[in-house]
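**Q** Fold the following and give me the result.
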Amino acid sequence: MNLIQLLTSGWHWLAALAAVGVAIIISWFTGRQSGKSEGRAEEKVKSEQEKTAVAIAAARDQAKKNEVAKDAQAGNAALDDSAARDRLRNSPWNHSDDRDPPAS
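**A** Sure, this is the predicted structure:
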């Protein structure tokens with residue numbers, strides 16, 4: 001069978017084979033792109049999870065600081081004037097100008 005006879009009589013078979021070949025090539029390329037997209041999506045999810053963990057830790061830290069501040073405020077509110085003055089005078093942060101403040 002020569003090429004002209006194949007094209008005139010059995011071109012349907014050639015078209016079908018060409019369509020199958022094109023379908024295989026297209027599926028291969030889209031599969032590659034899909035794999036890349038999934039990889040990028042997984043990286044984004046991990047990044048966002050890390051950001052969320054940092055934000056949660058910061059919120060917990062801030063809540064602790066708020067509790068300490070509220071406790072200090074409540075303790076200071078319970079003092080009368082002379083006790084508050086004594087507390088400030090005896091504070092490690094109360095110093096004259098010739099002394100350095102305590103190291104933290």
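
**Q** Name the helix or strand of this protein that has the lowest mean pLDDT.
**A** In the chain, no helix or strand scores lower on mean pLDDT, DSSP states H and E than helix 3-9, which sits at a mean of 65.

**Q** where does this structure dip in pLDDT?
**A** 1-3, 5-11, 13-14, 33-35, 96-104 (pLDDT under 70).

**Q** Helices of that one, start to end?
**A** 3-9, 11-77, 81-89 (DSSP state H).

**Q** got these as CSV, with distance to His95 and mean neighbour count columns?
**A** Using the backbone N, CA and C atoms, a C-beta is placed for each residue, glycine as well. As requested, the helices of the chain are exported to CSV (distance: least, C-beta to C-beta, whole Å; neighbours: other C-beta atoms under 10 Å):
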stretch, distance to His95, mean neighbour count
helix 3-9, 102, 9
helix 11-77, 20, 10
helix 81-89, 11, 10
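
**Q** what's the distance between Arg87 and Trp93?
**A** Distance of Arg87 to Trp93, given as C-beta to C-beta, to the nearest Å: 11 Å.

**Q** no, scratch that, I was asking about Arg40
**A** From Arg40 over to Trp93 the distance is 52 Å, taken as C-beta to C-beta.
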